[in-house]
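*Asks:* Pasting a predicted model and its sequence here:
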Amino acid sequence: MISGDAVAQVVGLASSTTCAAVCALAAIWLVQRPLPWHRERIAGVAALCLTALWAAVLAALGPASLLTAATEAIRNLSWLALLHALFATGVDSETARRVRFVFASLVFVELLQSAVLVANSWFETGPQLADEILPVSALLHTLVAIGALVLLHNLYTGALQQDRSGTRWIALSLSALWVFELNYYVVTWFTGELPGYVASLRGLVVGVAFIPLAMALGSDVRRLRFRASRKVAFRSISLLMIGSYLLAMAGLARLLSALDADGARLAQVGFLVALLTVAALWLPSPRFRAWLKVTAQKHLFSHRYDYRAEWLRLAETIGRGVEEGDTLHLRIPKAMADITESPSAALYLPDADGALVLTETWHWPTLDEAAAALPPEIVRFVETRDYVIDLEDWRAGTSLAGKTEALPAWLDGEGGAWAIVPLRHFDRLQGVVLLARPLVDRKLDWEDFDLLTVVGRQLASYLSEQASQRALMEAARFDEFNRRMAFVLHDIKNLASQMSLLSHNAQRHADNPAFRADMLKTLGTSTAKLNALIQRLGRYGTGRAARIENVDLATLLRDIAKGFGASRTVDVCCTTSCVVSADREGLEQALVHLIQNAIEASPEGAPVCIAVHCKGRHASIDIVDMGQGMDQVFVREKLFAPFVSSKPDGFGIGALEARELVRAMGGRLQVQSRVGLGTRFTIELDLADSASLSAKTHEQEVA
């Protein structure tokens, strides 16, 4: 088995050799830098070279050699010279007087090492330090380390601001070196012998500390700033906790193995297995990572959030969603949830009636139909204030809204809802984001309110920009529609001119058989063109006011079904007489649109079913097809959008016109569709009796 001393010797040889190589390379790099040769640069190159020499001697002869002690004294003097070169001209007069005395004292103490080396010959120990001399040498080195730290403190605090900012990294490196030397020689002085394991690491510590020193001497160190990265801090704390855990586990395992009892080995193995299982389950868990992040933010940083990182992540989430196929409505709640570490979020947008309805959810499958819209009191609150709602304060009545009504169950504490963030663009509410409670529950503070408010405004600008783009596209399509209508009017004008010319010539050539034959041919062609134009124009309505009358749905639907001919099966189911109050012509036009769309969406030979139901004071007409159906995104965003059609030659305004016609007569048009199953359009109208009753009631209230 390899002894501990052998391991220390191998580690010491490797660290000293590494230190010598690092210092030599740093000196060569510093010499080759295109910088003026000021005295601090000369002193730095000399210190690097002498430190490389000391490390090489240390690697060759060991820490107890007289030659190592001599080169170490020369190395220390070079470090002191570097200090003097860096700060001598940048301090005030009072600090300069103190510095001269301390500097002379340190040089004197370091020169006393030569007397120690000479005294070593009295003990006849050869090229090694005698045990009797070692405590004296350690005490002198301790005094030099303490004096160097005091000197470094006085020089740095007394330096001018520009000199202090330019030598920050050099002072940090030299401080680390002298602190390590102080601890090393204090241990040597107390124990009376060189600490083997600590001595083996001297070269490595010096080499690492000289890297920033060399970089600072070879560059404009005023631009160097040390800021603790949050990512580095979290990972460092994670590694520290894992390392502490492993040390504790090893120590306890060692303690169990030392027990002189039956089954100690079995207990040790079982304990290790249990600890490893706990570590495997606990350390990678999202809850542990969230707790670690919250704890580090609370105790290590002055602010909860790294605003630069959060803004970059927000931009990446919004920008990359296009490539990944996510809609903007899905990217917005995801971006907001990433900021607060919420596991899920939902987006609510205003509808035509001003209510905030559920539009999209991110990792929140438990939101059901009960959460389809926010309560009216919350809607009224966010419409007038750019304020993040803490639902805990809202439930307790301590929010700005004061005492309010009880929230629905899905917004109560058991539902996981945590906060509501308004999305305001200038003075207009674009929507809100509902955030779920984070894995590590905490209270919203001022920093959360400020950041979420600013992010909400940014996300609202994206929604506003999207709406503006859609409006521009819609306006462009209207221009295209007007251009096409201009062509239609041009064709009508040509046909009118032909008919006028034909009427004029008929008065003069009516008795000519050839003219009559040509006239019949022209009339047939013109009639065909007019019928085609009428069919095209019949899709877009006439813009007249609705004329409300009593309409028998059974008779109307049977007449419409006959108009589609025998090639298409249109089944009408109306068991009872159902008379509604509606505009007959507008209702017929809307039904023709919907039935024609259902026929075109259905497979060849599949029937289109029409059912009429009377319930209470309302009647409903269902038009059901067995086509491919539509997804919810298409129904919500494109079905009633003008000029958006799944047919290559369609204008895409049939469904829109049908809805507007039904609304004009006081009805409602609803859609239910499933991809692969089909679509159901439902028209709801008031029955004729209930409409008359409502009119009479209204007249009585007015009277």
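*Replies:* Cool, got the structure.

*Asks:* helix or strand right after the helix or strand where L111 lies?
*Replies:* Element membership for L111, per DSSP states H and E: helix 93-120. On the C-terminal side of helix 93-120, the nearest following helix or strand under DSSP H and E is helix 134-158.

*Asks:* what packs against that next one?
*Replies:* helix 66-87, helix 93-120, helix 168-191 (3 or more Cβ pairs under 8 Å, 6 or more residues apart in numbering; DSSP states H and E). Every C-beta, even on glycine, is put in place using the N, C-alpha and C of the backbone.

*Asks:* how about that helix: buried residues?
*Replies:* Buried residues in helix 134-158, counted by 16 or more other Cβ atoms under 10 Å: 134-149, 151-152, 154-156, 158.

*Asks:* before we move on, what about stretch 492-506?
*Replies:* For stretch 492-506, burial by neighbour count (16+ other Cβ under 10 Å) applies to L495.

*Asks:* ditto for stretch 184-191
*Replies:* Of the residues in stretch 184-191, 184-186, 188-189 count as buried by neighbour count, 16+ other Cβ under 10 Å.

*Asks:* Make CSV from those and add pLDDT and distance to R313 to it.
*Replies:* CSV is the format used below for these (pLDDT from 0 to 100; distance: Cβ to Cβ, whole Å):
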residue, pLDDT, distance to R313
Y184, 80, 45
Y185, 81, 49
V186, 79, 48
T188, 78, 51
W189, 77, 53
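
*Asks:* any weak-confidence spans in the stretch 551-700 of the chain?
*Replies:* For the stretch 551-700 of the chain, the stretches flagged by pLDDT under 70 are 563-568, 575, 642-653, 690-700.

*Asks:* Swap in 90 and give it another go.
*Replies:* 552-579, 583-608, 613-618, 626-661, 663-666, 673-677, 687-700 (pLDDT under 90).

*Asks:* just the strands in it please.
*Replies:* Secondary structure of the stretch 551-700 of the chain (DSSP state E, counting those that start in this stretch): strands at 570-573, 579-582, 608-615, 618-625, 668-674, 678-686.

*Asks:* sorry, back to before: quickly compare the helices and strands packed on helix 134-158 and say which is most buried.
*Replies:* Ranked by mean neighbour count, those are led by helix 66-87 with a mean of 21 (mean count of other Cβ atoms under 10 Å).

*Asks:* residue at max distance from the center of the chain?
*Replies:* D511 (85.0 Å; Cα atoms, centre = their mean).

*Asks:* winner for burial among the strands of the stretch 551-700 of the chain?
*Replies:* strand 579-582 (a mean of 25).

*Asks:* can I see the domain layout of the chain?
*Replies:* 4-226, 231-300, 307-470, 549-696 (automatic domain parsing).

*Asks:* coming back round to it: distance to R558 for the strands of the stretch 551-700 of the chain - can I get that in CSV?
*Replies:* Below are the strands of the stretch 551-700 of the chain laid out as CSV (distance: least, Cβ to Cβ, whole Å):
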stretch, distance to R558
strand 570-573, 6
strand 579-582, 15
strand 608-615, 10
strand 618-625, 13
strand 668-674, 21
strand 678-686, 16
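
*Asks:* wait, which of those strands is closest to A371?
*Replies:* Counting by Cβ to Cβ, A371 lies closest to strand 668-674 out of those; the figure is 19.0 Å.

*Asks:* Next, the angle strand 678-686 makes with the closest one.
*Replies:* Put simply, strand 668-674 runs at 160 degrees to strand 678-686, going by axes from the mean of the first three to the mean of the last three Cα atoms, to 10 degrees.

*Asks:* Packing partners of strand 668-674?
*Replies:* Against strand 668-674 (3+ Cβ pairs under 8 Å, 6+ apart) you get helix 654-664, strand 678-686.

*Asks:* residues making contact with that strand?
*Replies:* Where contact means Cβ atoms under 8 Å, 6 or more residues apart in numbering, the residues beyond strand 668-674 that reach it are 590, 629-631, 635, 639, 658-659, 662-663, 679-684.

*Asks:* Dump it to CSV, restricted to CA.
*Replies:* Extracted as CSV, the C-alpha positions of strand 668-674 are listed here (Å, rounded to 0.1, in the frame of the first residue of the first chain):
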residue,chain,number,x,y,z
ARG,A,668,-76.4,33.6,-32.1
LEU,A,669,-74.2,31.3,-34.2
GLN,A,670,-72.1,28.7,-32.4
VAL,A,671,-69.6,26.2,-33.7
GLN,A,672,-68.5,22.8,-32.3
SER,A,673,-65.9,20.9,-34.3
ARG,A,674,-63.5,17.9,-33.8
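
*Asks:* in its sheet, what does that strand sit against?
*Replies:* Partner strands for strand 668-674, per DSSP bridges, with pairing direction: strand 678-686 (antiparallel).

*Asks:* Measure how the strand it pairs with sits relative to helix 654-664, angle-wise.
*Replies:* Here strand 678-686 runs at an angle of 20 degrees relative to helix 654-664 (the same axes, to 10 degrees).

*Asks:* neighbouring contacts of strand 678-686?
*Replies:* Taking Cβ under 8 Å, 6+ apart as the rule, strand 678-686 contacts 580-582, 587, 590-591, 594, 598, 601, 617-630, 658, 662, 665-673, 694.

*Asks:* Give the rounded mean pLDDT of the longest helix seen in the chain.
*Replies:* Longest helix in the chain, counting residues (DSSP state H): helix 446-509. Across helix 446-509, the average pLDDT comes to 80.

*Asks:* May I see the buried residues of the helix or strand following that helix?
*Replies:* Once helix 446-509 ends, the next helix or strand along the chain (criterion: DSSP H and E) is helix 513-537. The neighbour-count check on helix 513-537 (16+ other Cβ under 10 Å) flags 519, 526 as buried.

*Asks:* Figure out how far helix 513-537 is from the centre of its chain.
*Replies:* Taking Cα atoms, centre = their mean, to the nearest Å, the mean C-alpha location of helix 513-537 is offset from the chain mean by 65 Å.

*Asks:* So A582 versus I42, what's the distance?
*Replies:* Taking Cβ to Cβ, to the nearest Å as the measure, A582 and I42 are separated by 100 Å.

*Asks:* C49 too?
*Replies:* C49 is 11 Å from I42, where distance means Cβ to Cβ.

*Asks:* neighbour count winner among the two?
*Replies:* Neighbour totals were compared for C49 and I42, and C49 leads with 18 against 13 (other Cβ atoms under 10 Å).

*Asks:* How much space separates the more buried one from L30?
*Replies:* From C49 to L30 the distance is 10 Å (Cβ to Cβ).

*Asks:* again with H329
*Replies:* According to Cβ to Cβ, H329 and L30 sit 58 Å apart.

*Asks:* and what of F103?
*Replies:* 24 Å.

*Asks:* How about L112?
*Replies:* For L112, the distance to L30 - Cβ to Cβ - is 31 Å.

*Asks:* go on, S526?
*Replies:* Counting by Cβ to Cβ - S526 and L30 are separated by 97 Å.

*Asks:* again, but for T384
*Replies:* 65 Å.

*Asks:* the more surrounded of those two?
*Replies:* A count of neighbours by other Cβ under 10 Å puts L30 above the other of T384 and L30, at 18 against 9.

*Asks:* got a list of what the residue nearest to that one when sequence neighbours are not counted touches?
*Replies:* Using Cβ to Cβ, 6 or more residues apart in numbering and skipping residues adjacent in sequence, the residue nearest L30 is G218, 5.0 Å away. Counting by Cβ under 8 Å, 6+ apart, G218 touches 29-30, 33, 35.
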